[in-house]
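Q: Next one to model:
(chains A, B and C)
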Amino acid sequence: MAHDSVQLPCDGDGACMRCKVTPLAEETLTCSTCATPWHVACLASPPETLASTLQWQCPDCSGDPLPSAAGALDGTSSELFAAIRAIESDESLTEKEKARKRQELVSGRVEEDGDKEKKGKEKESSFLDVLDGSLNCSFCMLLPDRPVTTPCGHNFCLKCFQKWIGQGKRTCAKCRSIIPPKMASQPRINSTLVSVIRMAKLSKSNVAAGPMKVYHFVQNQDRPDKAFTTERAQKPGKANAASGKIFVTVPPDHFGPITAENDPARNQGVLVGECWEDRLECRQWGAHLPHVAGIAGQSNYGAQSVALSGGYEDDEDHGEWFLYTGSGGRDLSGNKRTNKEQSFDQKFEKMNEALRVSCKMGYPVRVVRSHKEKRSSYAPEKGVRYDGIFRIEKCWRKVGIQGFKVCRYLFVRCDNEPAPWTSDDHGDLPRPLPAIPELKKATDVFERKESPSWDFDEEDNRWRWKKPPPPSKKPVNAADLEERKRARKAIRQAHTTTVRERLLKEFSCLICRQVMNLPVTTPCAHNFCKSCFEAAFSGKTAIRERSKGGRTLRSQKNVLHCPSCPTDISDFLQNLQVNRELMGVIESLKQKSEENQDAVEELSEEQVDESEENADIGSGDSETAQKTKNPDPKDDLQNPPPDSDQKRTSKRMKVDTTQVVADCE
DNA sequence: AGGCTTCTAGCT
DNA sequence: AGCTAGAAGCCT
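A: This next block holds a predicted model:
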């Protein structure tokens, strides 16, 4: 190997000054910094990969030649070198096209992909006037994907950057500044830049302004697996968290057990005895959806589930059967969610009526018990547990412990699986109703007259639907619908917010909270105005300033923390570089937003609705298969049957179907 | 013990 | 379609 010898480039005539031969074009490499040609065969360490040839620096420019195990280049490489040179010399191509072609060659991307990208690029070009290509990753020449910013203020795709680092490079591909080891080993995504790029992409048709699409709106499938704290929540933890993803595919008004086919996540269904940390987690598995309320139901339709949480002192728990108290009768004015004190009578309305409908129809009701039910032997020690299917056999009103009337319900278990507390190896068998002493004083007693929908089948020896379950009135992914509702709201809000406000939000300095002026990006990917950043360390930087004097002062290294995180950014501070690319974009967006501000505020909602419609997902409905005539649950009650509701439901179902078709196309 | 938020049924 | 009050939570 020639690595001990002096390395020399080609002379003005193209002859290698070391071996004196004039190499063919494909046997030479041009330095990306000084543009001097070099004879590849005479290099001590030719670039290991073709990717690195694009950014190749000659031994003179790179300073410390990398130790390389690579020998002379093989034939295949030479061919590729030739191909690259051919691209370089093709005058019909623009610089960007050249870069893309080079990239295709090097990465071995298939032509089809290249075409797709080309289409993407054409799309991009319309907003490139905002970005002006200034943000493009120097490696792939595209807008950075998962952008990372070097301390010298240059932006790259995370993957491109990692590739570069993987080749042993420790200098910025753009300006040759040293990349700190920490940045090299743990590059951080610059989330502000992510916003910049998203904004730019979204503003393509309506330069810098456009309806600022709310990209952080979450659909059920995109919701996190766990409950999460929203941006506006002041308190951490689950006290005021939003629910995470709903894992099961049953509609929110689904009665009865949740079976394997509605559990795509695990394919086992919700099993009796299953436990969850809290009500939010319980909600995610569909056993009981409301995360505060004890009863899930609709007054004209029935109740699907209840929670026993010890919220009402009148409750009486006997495991396989229990006496449940209705909701209401309490003053929740102010900001309360609960109030133990009862101040008026409960009535059979709302959720209490829903329970009565379930009683009347003999619907299966899911029951969960919470650890908060302290007076019951059957409550779990921790969290919330699914205890299976119960039926409401009777309901009535009585004067409760606090002196006001409460609604009462007799729940009796009727599940095919044994209860979590029993040592039986089989589920429930029909049992005689327990004697209820308080019934003597009860008023408004209601008993089921018709045969129950959910009953024990003597032949099958198991509990099952004896009558078709009530058809669902809600789409399966009601959670999605709710999300979309919220998203619509958010979009509307985005319309009324000025671009300036959004700029402020997305590109504000973490110190002064204003739109950044001369932005600097720390290696830990936090962004500040240069002046704010410097001011934060005024008086502290002096110690390090004398380091250029001599190496004796090196021992005095002063640890300085990023204003936003504990990262030591003392090295970064020493040579503060403005992220000019980011600055350019902010400036341009600022300017254009001022021009368009009025127009933005007046934007019609049509655009929003359109995008909404497209984002809509048709909802299948497993229950529609059982569309037999449903007996009206309230036909013997004073209220009129919910005719209008039924019509509305079928109408919506039709709409949903067409949407599914549309979505498939 | 107080107070924050989420979710939604049931109204306008 | 939009709003509001009520809901058996949860955390400091």
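Q: Taking the stretch 201-350 of chain A, what residue is nearest to DNA strand C?
A: The minimum distance from the stretch 201-350 of chain A to DNA strand C, using C-beta to the nearest atom of the strand, falls at A:Gly311 (2.2 Å). In short, each C-beta sits where N, CA and C put it, glycine included.
Q: Can you tell me the closest non-neighbouring residue to that residue?
A: Leaving aside its chain neighbours, A:Gly311 sits nearest to A:Gly294 (6.0 Å; criterion: C-beta to C-beta, 6 or more residues apart in numbering).
Q: Tell me how far the one you found lies from A:Val515.
A: To A:Val515, A:Gly294 is 48 Å away according to C-beta to C-beta, to the nearest Å.
Q: more neighbours, the two?
A: Higher neighbour count among A:Gly294 and A:Val515: A:Gly294, with 23 against 19, using other C-beta atoms under 10 Å.
Q: isn't the more buried one right next to A:Ser309, touching?
A: Yes: applying C-beta atoms under 8 Å as the test, A:Gly294 and A:Ser309 come out as touching, 6.3 Å apart.
Q: ok, back up a step: need the contact list for the residue nearest to A:Gly311.
A: Neighbour list for A:Gly294: A:Val306, A:Ala307, A:Leu308, A:Ser309, A:Gly311, A:Ser327, A:Met351 [criterion: C-beta atoms under 8 Å, 6 or more residues apart in numbering].
Q: let's go with 7 Å and repeat that
A: By C-beta atoms under 7 Å, 6 or more residues apart in numbering, the contact list for A:Gly294 reads A:Val306, A:Ala307, A:Ser309, A:Gly311, A:Ser327.
Q: so how many other residues sit close to the fourth one?
A: For A:Gly311, the neighbour count with other C-beta under 10 Å is 18.
Q: Is it within a helix or a strand, and which one?
A: For A:Gly311, there is no host helix or strand (DSSP states H and E).
Q: what's the answer for the first one, then?
A: A:Val306 is located in strand A:302-308, with elements delineated by DSSP H and E.
Q: do A:Phe533 as well
A: Using DSSP H and E, A:Phe533 maps to helix A:530-536.
Q: Could you point out the longest strand of chain A?
A: Using DSSP state E, we find that the single longest strand of chain A is strand A:384-399.
Q: Return the residues of chain A in contact with DNA strand C.
A: Counting by C-beta under 7 Å from any atom of the strand, the residues of chain A close to DNA strand C are A:235-240, A:278-280, A:290-295, A:307-312, A:315, A:324-325, A:327-328, A:330, A:332-333, A:336-338, A:351, A:370, A:372-373, A:485, A:488.
Q: Run a quick neighbour tally on the residue in the stretch 151-300 of chain A that DNA strand B sits nearest to.
A: For the stretch 151-300 of chain A and DNA strand B, the shortest gap (C-beta to the nearest atom of the strand) falls at A:Gln234, measuring 2.4 Å. Neighbours of A:Gln234 under the rule other C-beta under 10 Å: 6.
Q: Can you classify it as helix, strand or coil?
A: Following DSSP: H, G, I helix; E, B strand; the rest coil, A:Gln234 is assigned to coil.
Q: ranges for the strands of the stretch 201-350 of chain A?
A: A:275-276, A:295-298, A:302-308, A:316-317, A:321-325 (DSSP state E, counting those that start in this stretch).
Q: and the fourth one, which strands flank it?
A: Within its sheet, strand A:316-317 is paired with strand A:321-325 (antiparallel), according to DSSP bridges.
Q: now the partner strand and strand A:302-308, what's the angle there?
A: 100 degrees (axes from the mean of the first three to the mean of the last three C-alpha atoms, to 10 degrees).
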